[in-house]
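Below: sequence and its predicted model.
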Amino acid sequence: MAEKPSESKKVAIIGSGLIGQNWAMIFAGAGYQPCLFDVDPGQLERALQGTRKHLSEYETKGFLRGSGTANEQADKITGTSSLSECLDGAFYVQECVPENIDLKKKVFAEMDGLVGDKTILASSSSCLCASMIVDGLKHQHNAIVAHPINPPYFVPLVEIVPAPFTSPEVTSSVRKLMEDIGQSPITLRQECLGFALNRIQYACINECWNMYKTGLLSAEDIDKVCTDGLGLRYAFIGPLETMHLNANGIKDYCERYAQGAVNVQKETFQQIPVLYDTETAQKIQEEWTNSLPLDTLPERRVWRDEMLAKLSKLKIEDSKSEKSG
Ligand SMILES: NC(=O)c1ccc[n+]([C@@H]2O[C@H](COP(=O)([O-])OP(=O)(O)OC[C@H]3O[C@@H](n4cnc5c(N)ncnc54)[C@H](O)[C@@H]3O)[C@@H](O)[C@H]2O)c1
């Protein structure tokens, strides 16, 4: 395959499910030309129709990102059932196939034989590191993880995780690209399981689980700790800045509160659960299904995405006014 011109705006998106569609809409809004590929032609068709419909809904509700109308953005998204056609001319690939190591290895090996030497190969993988998927491939130095957070259209964080063999230029290009399309990248300096978000999320879930299991709080009240407490704060300032602001800097915070925090942890923190036990899971589910029966979850997900869209809009407007002020 011929070497691609660097001015290419074409992005190949491999897998047109939930995450592939989100990437397509984000890239289209930023003026790129996303091309979706899927092994399931019916799914590909649904993805093309679905992205057009979502963009139009976002426009009506005032949530459309980027420039141009919803129709103009949707016109930029194309699809194909041929992997080589999808990759042809693309400067960047965002792989979005299911989280299965053998499948990802197979897809990357196929792509390795089709792309030029400059094409960046990024995986949306939530748990697998690039070195588990592409080790030994000819273009392994161009491979990296760019992990989005669901729903990526409204939650902009992207965890960039290079393998030890990923070229530093690729790592910095992906970070710049993510900034260019309006996402918010962080770069891990080395591969690690769970990346960053899930490590923090699992620490949080562990404590929620333990508080529930010991009967301290109801499931609803545990979630309120985040929705009406920590979560409100963390939408704008993270835990480290919180420490900095809640005293006269982090050092002062530690002098004042570190011993108390150590005492709390020694007294209350439990062993890390090996697996979340089914008995507790059953009890929590019973509590939740009173207010949220399983058949209402799709509707509740739509509501969640809309709330995230509103928050994301507020944050974008706020950062624009800070820059202009
Ligand atoms: N869903 C999430 O919350 C979330 C968040 C962040 C990252 N991720 C990661 O993104 C990736 C995709 O997840 P998803 O939720 O979009 O999955 P999904 O099941 O919604 O979509 C996967 C798509 O890949 C297609 N596919 C299967 N084999 C293929 C192949 N060989 N070539 C091309 N397409 C193929 C399927 O037909 C399907 O359309 C996974 O690695 C997942 O871990 C998911």
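Looks like it came in fine.

what's the average pLDDT for the longest helix seen in the chain?
If each helix of the chain is counted by residues according to DSSP state H, the longest one is helix 297-324. For helix 297-324, the mean per-residue pLDDT is 88.

Renumber starting at 513 from here on
Yep, numbering from 513; the last one is helix 809-836 now.

any idea how far residue 825 is from the ligand?
Between residue 825 and the ligand the computed distance is 21 Å (CB to the nearest ligand atom, to the nearest Å). Every C-beta, even on glycine, is put in place using the N, C-alpha and C of the backbone.

Residue 772 now?
Taking CB to the nearest ligand atom, one finds residue 772 at 36 Å from the ligand.

Local confidence estimate at that residue?
96.

can you check residue 534 too?
Residue 534 is given a pLDDT of 98.

Buried residues of the longest helix of the chain, list them for me.
Neighbour counts using 16 or more other CB atoms under 10 Å place 817, 820-821, 824 of helix 809-836 among the buried residues.

helices or strands next to it in the packing?
helix 553-573 (3 or more CB pairs under 8 Å, 6 or more residues apart in numbering; DSSP states H and E).

The helix it packs on and the ligand in contact?
Yes: Helix 553-573 lies within reach of the ligand by CB under 6 Å from any ligand atom, at residue 555.

Give me the contacts around the helix or strand just after that helix.
Along the chain past helix 553-573, the next helix or strand (assigned with DSSP states H and E) turns out to be helix 582-588. The list of residues contacting helix 582-588 from outside it, by CB atoms under 8 Å, 6 or more residues apart in numbering, reads 537, 539-541, 543-546, 563-564, 567-568, 570-571, 576, 578.

Show the buried residues in those.
Of the contacts of helix 582-588, these count as buried by 16+ other CB under 10 Å: 537, 539-541, 544-546, 563-564, 567-568, 570, 576, 578.

follow-up on the earlier one: closest to residue 614 among the contacts of helix 582-588?
For these, the closest approach to residue 614 (CB to CB) belongs to residue 546, at 26.2 Å.

how about that closest one, secondary structure?
Taking DSSP: H, G, I helix; E, B strand; the rest coil as the rule, one finds residue 546 in the strand state.

That one contacts residue 525, doesn't it?
Yes: using CB atoms under 8 Å, residue 546 makes contact with residue 525 at a distance of 5.3 Å.

what do these two both touch?
What both residue 546 and residue 525 touch, as defined by CB under 8 Å, 6+ apart, is the set 535-536, 539.

what about the residue of the chain found nearest the ligand, neighbour count?
With CB to the nearest ligand atom, the shortest gap between the chain and the ligand falls at residue 529, namely 1.8 Å. As a burial measure, residue 529 scores 17 neighbours (other CB atoms under 10 Å).

same check, this time on residue 618
Look at residue 618: counted by other CB under 10 Å, it has 13 neighbours.

try the one 4 residues further on
Residue crowding around residue 622 was assessed by other CB under 10 Å; the count is 14.

The helix or strand harbouring it packs against which elements?
If you go by DSSP H and E, residue 622 is part of helix 613-624. Using 3+ CB pairs under 8 Å, 6+ apart, the elements in contact with helix 613-624 are helix 595-599, strand 604-607, strand 632-635, helix 642-646.

The second one pairs with which strands, parallel or anti?
Right, the one you point to is strand 604-607. Under the criterion DSSP bridges, strand 604-607 sits next to strand 522-526 (parallel), strand 632-635 (parallel) in its sheet.

domain parsing for this protein?
As assigned by automatic domain parsing, the chain contains the domains 522-699, 709-803.

Point out the most buried one among the ones you listed.
Mean neighbour count (mean count of other CB atoms under 10 Å) peaks for domain 522-699 among the domains of the chain, with a mean of 19.

Please state the backbone phi and psi of residue 625?
phi -80, psi -10 (degrees, to the nearest 10).

thinking again about what came up before, out of the domains of the chain, point me to the one whose mean pLDDT is lowest.
For the domains of the chain, where the average pLDDT is lowest is domain 709-803, sitting at a mean of 93.

Now do the end-to-end distance for that domain.
Start-to-end span of domain 709-803 (CA to CA, to the nearest Å) is 28 Å.
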